[in-house]
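Asker: Here is a sequence with its predicted model. Questions after.
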Amino acid sequence: MTAIQIDSVEKSYKGFKALKGVSLTIEQGEFFGLLGPNGAGKTTLISTIAGLIRPDVGSVRIHGHDVVRDFRAARMKLGVVPQELVFDPFFTVRETLRLQSGYFGLKNNDKWIDEVMENLDLTAKADVNMRALSGGMKRRVLVAQALVHKPPVIVLDEPTAGVDVELRQTLWKFISRLNREGHTVVLTTHYLEEAQAMCQRVAMLKTGNVVALDTMSQLLRRVSGSSLVVHLKHGTLPADLRHLVAHDEHDEGASNGNKYTLRVNDYNEVEGILARLRAGGAEIDEMQLQQADLEDIFIQIMEGESHAGAPVR
Amino acid sequence: MNAFSVGFKTLFYKEILRFWKVATQTIAAPVVTSMLYLLIFGHVLEGQVQMLDGVSYTAFLIPGLVMMSVLQNAFANSSSSLIQSKITGNLVFILLPPLSHWEILSAYVSASIVRGLSVGLGVFVITAWFAHLSFTFPLWIVAFALLGAAILGTMGVIAGIWAEKFDQLAAFQNFLIMPATFLAGVFYSIKKLPPFWLAVSHFNPFFYMIDGFRYGFFGKSDVSPWTSLAIVAVFFVVLAGVSINLLRGGYKLRH
């Protein structure tokens, strides 16, 4: 079953095109990452999914319901955690969650509200006014508000921005449980290690376009191996190894002292590199083998030099 | 359908709770302000002027002050709630759920009516001690109080949607609502005005709300209460139509 269907969505603000024909299909039960640098269009896309922004062109459907024409049915299926730390200063945590339940047409929702508060470590703060909460606690309430109606599709826009480790762990534990129970989770984050740990599939946005869309495992496979970082005590890098130097160090003219980052596609290549260094008279001071991760592929894709070739759509 | 009526009830309850939690500011303060108007104008002008035959000036003034309080506080409720929610960003909690445009409008307007009538009742209870008031046609009193509060609550929704900062809302309140209320015959009968301003007053819908409301007390008015009722009712329908279209189109709410 398709959870979110985004078809050719375009959105402009006063001449600036924030989304340039974005199309995505997210299946029910997926843990999906939406990544990109600031200004890539992530929040615009999420706001379009949530019905807070209306697309100039294209459509978005949640469980088959158009978010503009059939907005009531679409919004019942969707829970959104906004990026901004917003709250209503008139109410306590429990009042806030009861009101949010009511907006979704739910009466007598206290059992689930208690469960959500318990899972987000909010129970002790249930009767505390929102103004008196710390930033991290307010963030937890935002997450709880998005979950009061048990939506099958949950969208988290930078949920861990500026929050402590404890909340991150609590949040991911609860969100992972919901995902295992069948909820679709769409996540935007600048913490790529979180995306790598949580997401099964990822879309990367750049200047309003989807520039990569693949499963996490396939994306990681696209990275051209690992990196061998060597710091030479004496000598220089032999000429026949210079083609392995990472691109950014070429740009800097290898001026980073005697430290070189060399691309290795296979661990077996390491032995040959070390042999060449010794033969060339270089002495190694420090050495580190770095495993490629999502950040590497993110940087490659954002710099437009994906080693996997053309972006997959 | 039931789910959406829960939505209306919840938003209505939230709006009531919002102003009730700060009742000193939202209920008590405007009651005191109206009391001061009565003490000052009633004391200075009692016995000096007669606006309606057989009605003392203080008695004439009380329904005007009550209605002015109803109108101004109904406007303040919906407009301040919306602008605060917009500026602090928590309006998103109303925009994300499946609330219909009708549910949003009717909840904000209903809560405005409750606030307007609460303040109006407070003003009446305090000021009624100062003059002998009759209740010639109580149904007219109720009808104009309800319609007046509904109209100003709806205007508050429009102003709250339109305004992007407190300054703009203050301009709406000070340059439109306040003059229209003061110049609608709260303190005087428009028959006492020169012909030009008498004619101008007939284009002010607030005049019909106050004149019709006063008719309920004394059975006397500047124009027929039926005329006032018709004008006020049409005005409400037009404003409700404008509000619904703004909400449906997402004007300044959904970009």
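Answerer: Yes, it's here. Quick caveat, the model's predicted, so the values are computed rather than measured. Numbers count the residues shown, from 1 in each chain, chains lettered A, B, ... in the order given.

Asker: Spell out which residues of the stretch 51-200 of chain A are next to chain B.
Answerer: A:51-54, A:71-76, A:78, A:80, A:82, A:84, A:86-91, A:95, A:99-107, A:145, A:149 (C-beta under 8 Å from any C-beta of the partner chain). In short, each C-beta sits where N, CA and C put it, glycine included.

Asker: Which of the residues you listed are buried, as a ChimeraX select command?
Answerer: Per 16 or more other C-beta atoms under 10 Å in any protein chain shown, the buried members of those correspond to this ChimeraX selection:
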select /A:51,52,53,71,74,75,76,78,80,82,86,87,88,90,91,95,99,100,101,102,103,104,105,106,145,149
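
Asker: Just the ones of the residues of the stretch 51-200 of chain A next to chain B in helices?
Answerer: Under the assignment DSSP state H, these contribute A:71-76, A:95, A:99-103, A:145 to helices.

Asker: Distance to A:Ile297 and pLDDT for those - can I get that in CSV?
Answerer: Shown next, in CSV, are those (distance: C-beta to C-beta, whole Å; pLDDT from 0 to 100):
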residue, distance to A:Ile297, pLDDT
A:Phe71, 36, 93
A:Arg72, 39, 93
A:Ala73, 37, 94
A:Ala74, 33, 95
A:Arg75, 34, 95
A:Met76, 36, 95
A:Glu95, 45, 95
A:Leu99, 42, 96
A:Gln100, 38, 96
A:Ser101, 41, 96
A:Gly102, 44, 95
A:Tyr103, 40, 95
A:Gln145, 34, 95
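
Asker: Counting neighbours, what do you get for A:Asn129?
Answerer: 17 (other C-beta atoms under 10 Å in any protein chain shown).

Asker: I'd like to know how far it sits from A:Gly162.
Answerer: Taking C-beta to C-beta, to the nearest Å as the measure, A:Asn129 and A:Gly162 are separated by 21 Å.

Asker: try A:Leu45
Answerer: For A:Leu45 relative to A:Gly162 (C-beta to C-beta), the value is 22 Å.

Asker: Who are the contact partners of whichever residue of the stretch 151-255 of chain B sits closest to chain A?
Answerer: In the stretch 151-255 of chain B, the residue that lies nearest chain A is B:His255 (5.1 Å; C-beta to the nearest C-beta). Going by C-beta atoms under 8 Å, 6 or more residues apart in numbering or on different chains, B:His255 touches A:Tyr13, A:Ser47, A:Leu52, A:Ile53, A:Arg54.

Asker: Quickly check those for the two that are furthest apart.
Answerer: A:Tyr13 and A:Leu52 (13.4 Å; C-beta to C-beta).

Asker: Report the spatially closest residue to residue 60, excluding sequence-adjacent ones.
Answerer: Defaulting to chain A. A:Val67 (4.7 Å; C-beta to C-beta, 6 or more residues apart in numbering or on different chains).

Asker: nope, chain B please
Answerer: B:Met51 (4.6 Å).

Asker: A:Ile6: which element?
Answerer: strand A:2-13 (DSSP states H and E).

Asker: Buried residues, that strand. List them.
Answerer: Buried, per 16+ other C-beta under 10 Å, within strand A:2-13: A:Ala3, A:Ile4, A:Gln5, A:Ile6, A:Val9, A:Glu10, A:Lys11.

Asker: give me phi/psi at the nearest residue to the last one once chain neighbours are set aside?
Answerer: Put plainly, it is A:Lys11. Of all residues not flanking A:Lys11 in the chain, A:Leu19 sits nearest, at 4.4 Å (C-beta to C-beta, 6+ apart). With angles defined as degrees, to the nearest 10, A:Leu19 sits at phi -130, psi 130.
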